[in-house]
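> Kindly generate the corresponding structure for this input.
(one chain, ligands or ions: 1)
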Amino acid sequence: MCSMSSVVRMNTYIDDMVKAVSTRKSRRKFNREGLNAEHTSSLKEFIASIEVPFDSAVDVTLHTLPQGSSVCHFAEPETFVAFSAPGTLTGQAMAGFVGELLILYCESQSIGTCWYGHYKKKNVYDIVYGTTEENAPKKVHSITPVGYCTEKPTGLYDKLTNVMFSSKKNTVEQNLHKDSLKDFSDSIRFGLELACKAPSAMNSQCWYFKVSELGEGYEVEIAKPAGYKHIKWAYPDIDVGTAAAHFWIGLLQKEIQPQVLIEEADDRIIWRFRI
Ligand SMILES: Cc1cc2nc3c(=O)[nH]c(=O)nc-3n(C[C@H](O)[C@H](O)[C@H](O)COP(=O)(O)O)c2cc1C
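Next up, the predicted model:
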């Protein structure tokens, strides 16, 4: 189990990132041009300021595509970000959490993103590590294009992507574990409402929330159900990490700095927020 109390350097970004939760959606149509110089510099600054409430093993790296190369299966810009971490469940969870902070920051700057768990592996490892997946020091858990979106509707393409990639979200009540408290503070509810809007592969929303009393305070557990499996996606702990990141920034905005524990259970990660 890994834990650390929050020490927050990211305060200046939190309000904008919370706003970004409501506008963010996965974008799959980009102009070819990559990030401009101003956004490149502010994104690098953000990456350097990312601070999380645990000892992070995640590398967040910004890359420019070599001429003629491609890493996504959709229209992509020339710039992308890779989220790398150890190939463990904890690595997945941390990559989801840290990666989602970057996604929200981008949204707050009108930079389009989309989590890609399925990407062109050979090209990505070559660009990120200059070697093969087997020889790379960390696993690239996901990437996201970072760029400017073409907003013009293109009829059939839009219809197809809307059908293939739903973005409809469950409510807090639908996500509550059967043993969870049903009544809790407005701050916890606010954080959980943000967590409901997190992205997940295939929009599986494979998480539950369990609020319990703990001593004089509360514990909020966020995890996938034990034994959960998805036929097309083997890394659901990344998804749970994105929901945990939304919950965390919600609490920070309410000026609550929870203790955060990342517990590795048999086949999954359990996030515990002690408030
Ligand atoms: C870890 C992860 C991996 C994903 N992988 C892909 C992918 O390979 N291809 C893709 O088009 N979308 C991918 N997505 C985006 C989801 O399809 C999208 O988040 C979901 O449909 C919900 O839509 P929204 O992000 O607009 O809320 C991924 C999302 C997450 C969190």
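
> CA atoms for contacts and neighbours, from now on please.
OK.

> just checking, A82 is part of a helix?
No: assignment of A82 by DSSP: H, G, I helix; E, B strand; the rest coil gives strand, placing it outside any helix.

> contacting residues for it?
Going by C-alpha atoms under 8 Å, 6 or more residues apart in numbering, A82 touches D59, V60, T61, L62, H63, V128, V140, H141, S142, I143, T144.

> Just flag the most distant two among those residues.
H63 and H141 (15.4 Å; C-alpha to C-alpha).

> More neighbours: which of these two?
H141 (26 against 16; other C-alpha atoms under 10 Å).

> Which positions in the protein make contact with the ligand?
25-26, 114-118, 165-167, 199-203, 238-239 (C-alpha under 6 Å from any ligand atom).

> Name only those of the residues you listed that count as buried.
K25, C114, W115, Y116, G117, S167, P199, S200, A201, I238, D239 (16 or more other C-alpha atoms under 10 Å).

> Show me where the stretch 151-275 of the chain has its strands.
With DSSP state E, counting those that start in this stretch as the definition, the stretch 151-275 of the chain shows strands at residue ranges 208-214, 217-223, 259-264, 269-274.

> can I get those in JSON lines with mean neighbour count and mean pLDDT?
Output for the strands of the stretch 151-275 of the chain, formatted as JSON lines (neighbours: other C-alpha atoms under 10 Å; pLDDT from 0 to 100):
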{"stretch": "strand 208-214", "mean neighbour count": "18", "mean pLDDT": "98"}
{"stretch": "strand 217-223", "mean neighbour count": "20", "mean pLDDT": "98"}
{"stretch": "strand 259-264", "mean neighbour count": "19", "mean pLDDT": "97"}
{"stretch": "strand 269-274", "mean neighbour count": "22", "mean pLDDT": "98"}
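
> Export those as a markdown table, with columns for distance to Q109.
Shown next, in a markdown table, are the strands of the stretch 151-275 of the chain (distance: least, C-alpha to C-alpha, whole Å):
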| stretch | distance to Q109 |
| --- | --- |
| strand 208-214 | 30 |
| strand 217-223 | 28 |
| strand 259-264 | 28 |
| strand 269-274 | 28 |
